[in-house]
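> Turn this into a structure:
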Amino acid sequence: MDKKWNITDNRIVLYLDIMGFKDLVQKTNPEILHKYLKDAIQFASQMKHLGYADLEKAGLKIFPEIKSQVFSDSIIFTTQGITPADIYIITKGAKWVSSVLFQHHITFRGAIAVGNMTYDEDSSIFFGQPLIDAYQLEQQLDLFGIAVHHSFEGLLKHSFKQKKCQDSLQDYIPYAIRTTKGKAKHLVLDWIKFAEEIHGNTFHEQIYSILSCQMSGGPKHYLDNTYNFFKECLNRTIIDRHDK
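Presented below is the predicted three-dimensional model:
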């Protein structure tokens with residue numbers, strides 16, 4: 001039986017900020033942009049058909065929901081709780097939305113955090129500390145991608161050590177991002193291998209080539225950092241279970 005969706009509960013929140021949204025709106029047909037954004041969030045509505053086979057293999061019997069909202073340049077995914085199944089779902093959802101947005105040449109920064117979150121869908125009221133934490137961390141990310149707030153990192157590593165949905169931690173890679181005090185290492189989502197399973201193993205080269213012709217200055221800095229991150233992801237060693 002599915003767990004009841006409470007209005008306020010501990011949840012995992014994925015926040016995405018679409019970069020250059022003003023120009024995107026000016027240059028893109030509204031119907032096409034609507035389709036692109038709908039493609040990106042359809043994972044949430046299709047979760048019951050896309051990922052539960054893997055959860056069943058892991059011995060999990062409760063299949064929680066994931067919900068999504070798009071408001072202007074922001075995309076938010078919210079889980080039902082903080083169980084191993086929720087970790088799996090938000091990670092799979094983050095890889096999905098990253099792959100789809102880049103496929104449509106839409107760049108973004110994002111972060112994942114955990115905490116007490118109020119989600120009142122009927123009244124369109126959404127607020128909570130994890131949304132604030134994810135937003136603030138996303139602002140410090142100097143590449144197009146998704147960083148992990150320490151609240152979610154602790155949950156990931158605890159689940160990994162308990163051997164529950166252990167593959168989820170291996171979808172993240174330690175990577176130094178900028179802060180007001182200099183560089184600091186955070187886990188960042190490795191979604192590029194997921195995308196290349198779908199689009200082919202030259203996807204990262206194709207995307208870099210296309211986007212580099214559309215960017216200069218600051219945005220090009222983000223793109224170059226992203227390309228370097230892709231290369232590190234594709235050549236990295238899988239995180240060891242005992243890594244702390």
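> Distance check, the spatially most central residue of the chain against Tyr227.
Centroid-nearest residue in the chain, with Cα atoms, centre = their mean: Ala94, separated by 3.0 Å. Computed as Cβ to Cβ, to the nearest Å, the Ala94 to Tyr227 distance reads 19 Å. In short, each C-beta sits where N, CA and C put it, glycine included.
> what do you get for Val188?
When Val188 is compared with Tyr227 (using Cβ to Cβ), they lie 14 Å apart.
> Give me the neighbour count for Leu211.
Using other Cβ atoms under 10 Å, Leu211 has 20 other residues around it.
> what residues are up against the spatially closest residue to it that is not a sequence neighbour?
Setting aside the residues directly before and after it, Leu211 is nearest to Leu223 in space (Cβ to Cβ, 6 or more residues apart in numbering), at 5.5 Å. Taking Cβ atoms under 8 Å, 6 or more residues apart in numbering, we find Leu223 in contact with 107, 144, 208, 211-212, 215.
> of these, buried ones?
Among those, the ones that count as buried by 16 or more other Cβ atoms under 10 Å are 107, 144, 211, 215.
> Toward the C-terminus, what is the element adjacent to the lowest-mean-pLDDT helix or strand in the chain?
Sorting the helices and strands of the chain by mean pLDDT, DSSP states H and E puts helix 52-57 at the bottom, at a mean of 64. Downstream of helix 52-57, the next assigned helix or strand under DSSP states H and E is strand 66-71.
> quick check: mean pLDDT across the longest strand along the chain?
The single longest strand within the chain, with elements called by DSSP state E, is strand 108-120. Average pLDDT, strand 108-120: 95.
> Strand 66-71 and that strand, what's the angle between them?
Angle, strand 108-120 to strand 66-71, by axes from the mean of the first three to the mean of the last three Cα atoms, to 10 degrees: 110 degrees.
> other SSEs contacting strand 108-120?
For strand 108-120, the contact count by 3 or more Cβ pairs under 8 Å, 6 or more residues apart in numbering; DSSP states H and E identifies strand 8-18, strand 74-79, helix 84-103, strand 125-128, helix 129-138, strand 145-148, helix 150-161 as packing neighbours.
> before we move on, back to that, out of the buried ones among the contacts of Leu223, what pair is the most spread apart?
Phe144 and Met215 (10.5 Å; Cβ to Cβ).
> and the gap between Glu153 and Tyr135?
Taking Cβ to Cβ, one finds Glu153 at 17 Å from Tyr135.
> what are the pairing partners of the longest strand of the chain, and which direction each?
Within its sheet, strand 108-120 is paired with strand 8-18 (antiparallel), strand 125-128 (antiparallel), strand 145-148 (parallel), according to DSSP bridges.
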